[in-house]
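Colleague: Compute the structure for the input listed below.
(one chain, ligands or ions: 1)
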Amino acid sequence: MKAIRVHTFGGPEVLQLDEVPDPRPAPGQIVVRVRAAGVNPVDTYLRSGAYTKLPPLPYTPGSDAAGLVEALGEGVRRLKTGDRVYTAGSAGDGILGTYAELTVCTVAQVYPLPANVSFSQGAAVNVPYATAYRGLHDKAHARPGETVLVHGASGGVGLAAVQLAAAHGMTVIGTAGSERGRKLVREQGAHHVLDHTAPDHLAKLAELTDGRGPDVIMEMLANVNLAKDLDAIARYGRIVVIGNRGAIEINPRGTMTKDVAIVGLSLFNASLEERASIHAALGAGLANGTLRPVVGQEVPLKDAPRAHEAVLKPGAYGKIVLIP
Ligand code: NAP
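Modeller: Numbers count the residues shown, from 1 in each chain. Below you'll find the model as predicted:
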């Protein structure tokens, strides 16, 4: 089969299309024929070698995919060949990830893909939606009736957060850096949209919330926004740090005066029980149409380097997926 492999950490050009042996499932494992694989920013950090825990070389990137069950290892009863599924990680510490024609998962890494969700949409579920769900519900404990600012709403995690928060009866304010992105964020359920590149966007946020500020901020670029988030947020607010690409200076007094909590999260820290619960919720939302992953670009597998360049560029518009 064909698989993208990284033989040495570096720029997008190290993503190489190789011919490798077809994988076979060990007991308790499932081989999935990948119809679409999701590209997440973390895939680029790993590829560049700038991440705390790195896979051994060579490895195939990707944790997210959707496709059909190809083969079952001994003892797997929950699924049968031909089932539509989406994946949340791959077996063997990500050595054979999802940027490939076939991938191998444990039973706990495979979830049913409802018939109304396309394979490309299925490849956009795991990291974006599980992160948004864990941030909104498990970390911020956001409640219906509260106001949520999704600071960076036009990308994978942001749109998932917009859909989840709107479905739970929260007032959603989403930001995007492009006109096209803001239109999309509004279409996906945000009640108000703002431009995070406009210097006055937090003044407009204050106007929209009658001077109170949002109760929850889902923050996609903390190194740029965290200090100002502390000024903007409401009393008893919760800021969830999801994305961060550098250092920032904040005045901790901002947390005291308003009883604000800054909570970080890494999806990698979610326990197996948490993951099972999150995917049960996501499965229900996908099946009833509440959650509708937005795919902005489908890129052929061999052009993975182009996808890695695109995912870090401004002007996000949903997910980028690779098609084997
Ligand atoms: P993505 O699809 O590339 O989207 C990036 C988002 O950041 C876009 O909405 C972009 O908006 C926005 N952005 C750009 N400049 C911003 C600014 N100044 N203020 C606020 N937002 C800004 O990436 P993603 O998959 O949604 O992930 C978002 C971030 O979360 C990434 O840094 C990713 O590494 C991180 N992440 C963390 C976890 C975790 O476990 N902690 C899990 C998943 C993702 P425009 O392009 O419209 O400007």
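Colleague: Show me what the helix or strand harbouring Ser277 packs onto, helices and strands only.
Modeller: Here Ser277, judged by DSSP states H and E, is contained in helix 272-287. Helix 272-287 sits against strand 110-112, helix 126-133, helix 156-167, with contacts defined as 3 or more Cβ pairs under 8 Å, 6 or more residues apart in numbering; DSSP states H and E. Backbone N, C-alpha and C define where each C-beta goes, glycine included.
Colleague: Direction-wise, compare the longest one with helix 272-287 and give the angle.
Modeller: Inter-element angle recorded for helix 156-167 and helix 272-287: 70 degrees (by axes from the mean of the first three to the mean of the last three Cα atoms, to 10 degrees).
Colleague: Also the second one?
Modeller: Comparing the axes of helix 126-133 and helix 272-287 via the same axes, to 10 degrees yields an angle of 100 degrees.
Colleague: quick one: buried residues of whichever helix or strand comes after helix 126-133?
Modeller: Remark: after helix 126-133, the chain's next helix or strand is strand 147-151, criterion DSSP H and E. Buried positions in strand 147-151, judged by neighbour count with 16 or more other Cβ atoms under 10 Å: Thr147, Val148, Leu149, Val150, His151.
Colleague: Please identify the most buried of the helices and strands packed on helix 272-287.
Modeller: helix 156-167 (a mean of 28; mean count of other Cβ atoms under 10 Å).
Colleague: on contacts alone, who are the packing partners of that one?
Modeller: Helix 156-167 packs on helix 126-133, strand 147-151, strand 171-175, helix 179-187, strand 216-219, helix 272-287, going by 3+ Cβ pairs under 8 Å, 6+ apart.
Colleague: Tell me which stretches of the stretch 201-324 of the chain form helices.
Modeller: Here the stretch 201-324 of the chain has its helices, by DSSP state H, counting those that start in this stretch, at 201-208, 222-232, 253-257, 272-287, 304-311.
Colleague: Up against the ligand, what does the stretch 201-324 of the chain have?
Modeller: Applying Cβ under 6 Å from any ligand atom, we find that the stretch 201-324 of the chain lies next to the ligand at 220-221, 224-225, 242-243, 265-267, 311, 314-316.
Colleague: scratch that, the stretch 51-200 of the chain is what I was asking about
Modeller: Counting by Cβ under 6 Å from any ligand atom, the residues of the stretch 51-200 of the chain that sit close to the ligand are 127-128, 131, 151-158, 175-178, 181, 196.
Colleague: quick one, what contacts whichever residue of the stretch 101-250 of the chain sits closest to the ligand?
Modeller: Closest residue of the stretch 101-250 of the chain to the ligand, Cβ to the nearest ligand atom: Gly155 (2.0 Å). Neighbouring residues of Gly155 by Cβ atoms under 8 Å, 6 or more residues apart in numbering: Pro128, Met220, Ala316, Gly318, Lys319.
Colleague: Could you export those to TSV, including columns for distance to Thr290 and pLDDT?
Modeller: Shown next, in TSV, are the contacts of Gly155 (distance: Cβ to Cβ, whole Å; pLDDT from 0 to 100):
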residue	distance to Thr290	pLDDT
Pro128	15	98
Met220	22	98
Ala316	22	97
Gly318	17	98
Lys319	17	98
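Colleague: if we can go back for a sec, would you format the helices and strands packed on helix 272-287 as TSV with distance to Gly73 included?
Modeller: Formatted as TSV, the helices and strands packed on helix 272-287 follow (distance: least, Cβ to Cβ, whole Å):
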stretch	distance to Gly73
strand 110-112	12
helix 126-133	21
helix 156-167	30
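Colleague: Which one of these lies nearest to Gly38?
Modeller: helix 126-133 (6.7 Å; Cβ to Cβ).
Colleague: Summarise which helices and strands the closest one is packed against.
Modeller: Using 3+ Cβ pairs under 8 Å, 6+ apart: helix 126-133 touches strand 29-39, strand 84-88, helix 156-167, helix 272-287.
Colleague: now with 10 Å?
Modeller: If contacts are counted by 3 or more Cβ pairs under 10 Å, 6 or more residues apart in numbering; DSSP states H and E, helix 126-133 sits against strand 29-39, helix 41-48, strand 64-72, strand 84-88, helix 156-167, helix 272-287.
Colleague: Specify the angle between the third one and helix 41-48 in degrees.
Modeller: By that I understand strand 64-72. 80 degrees.
Colleague: Tell me the strands beside strand 64-72, with direction?
Modeller: Applying DSSP bridges, strand 64-72 is found paired with strand 29-39 (antiparallel), strand 84-88 (antiparallel).
Colleague: Adding distance to Ile250 and mean neighbour count, write the ones you listed out as TSV.
Modeller: Supplementary listing: the strands paired with strand 64-72 in TSV, determined by distance: least, Cβ to Cβ, whole Å; neighbours: other Cβ atoms under 10 Å:
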stretch	distance to Ile250	mean neighbour count
strand 29-39	31	26
strand 84-88	33	24
